[in-house]
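Student: Okay, sequence plus prediction incoming.
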Amino acid sequence: METVFNRDLATVAEAVGASFLSLEDLSVNEILEVTRPSDTASVEVADEISRRLRLYQYFSPPTDELLISAYDVSRNRDQALVPKIYEASVALGHNPSKNVLVPDADFRDPIATAIALGKTQIH
């Protein structure tokens, strides 16, 4: 019987802009650290895992990726949507974070980020 391995699921998840996490993605030491009663070390390990596996993007999305994703799923192409996307993210408790695709643009300014994205050819 064929089984699907995590590496296969991770590839599929990444293809749709998601992440896949299972215990197989973690070392034994990481599992031990994150399952200990809360202390500074376990929080730091969980933080490192979240960064390495790009899980933070779901809680604090990079502004440039947030804008592109929202436009991708929206039929509305109105430029006035840009600040509304940013404001909605903040209102939902998902404060945007540093840009990934246009790192030199001010991620706190959705208009500046959108302008920078417009000047960039992303392949």
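Tutor: On my side now, so go ahead.
Student: Tell me the confidence at the spatially closest residue to Ser74 that is not a sequence neighbour?
Tutor: Counting by CB to CB, 6 or more residues apart in numbering, Ser74 lies nearest to Leu81, which is 6.9 Å off, once chain neighbours are set aside. (C-beta placed from N, C-alpha, C; glycine too.) The model reports Leu81 with a pLDDT of 88.
Student: helices or strands next to the longest helix along the chain in the packing?
Tutor: Longest helix in the chain, counting residues (DSSP state H): helix 40-52. Using 3 or more CB pairs under 8 Å, 6 or more residues apart in numbering; DSSP states H and E, the elements in contact with helix 40-52 are helix 28-35.
Student: And Leu32, how far from Thr40?
Tutor: Taking CB to CB, to the nearest Å as the measure, Leu32 falls 15 Å from Thr40.
Student: Compare the two (neighbour count), which wins?
Tutor: Leu32 (12 against 7; other CB atoms under 10 Å).
Student: Relative to Asp39, how far out is that one?
Tutor: Note on Leu32: its distance to Asp39, by CB to CB, is 12 Å.
Student: now do Thr63
Tutor: Distance check for Thr63 against Asp39: by CB to CB, it reads 33 Å.
Student: quick one: pLDDT of the residue nearest the centre of the chain?
Tutor: Nearest to the mean C-alpha position of the chain, by CA atoms, centre = their mean, lies Gln57 at 1.8 Å. pLDDT recorded at Gln57 is 80.
Student: for Arg54, same thing?
Tutor: pLDDT, Arg54: 76.
Student: tell me the SS of it?
Tutor: coil (DSSP: H, G, I helix; E, B strand; the rest coil).
Student: pull the helix or strand with minimum mean pLDDT from the chain.
Tutor: helix 6-15 (a mean of 63; mean pLDDT, DSSP states H and E).
Student: Could you pull out the buried residues of the longest helix of the chain?
Tutor: If you call a residue buried by 16 or more other CB atoms under 10 Å, then helix 40-52 has these buried ones: Ser42, Val45, Ile49, Ser50.
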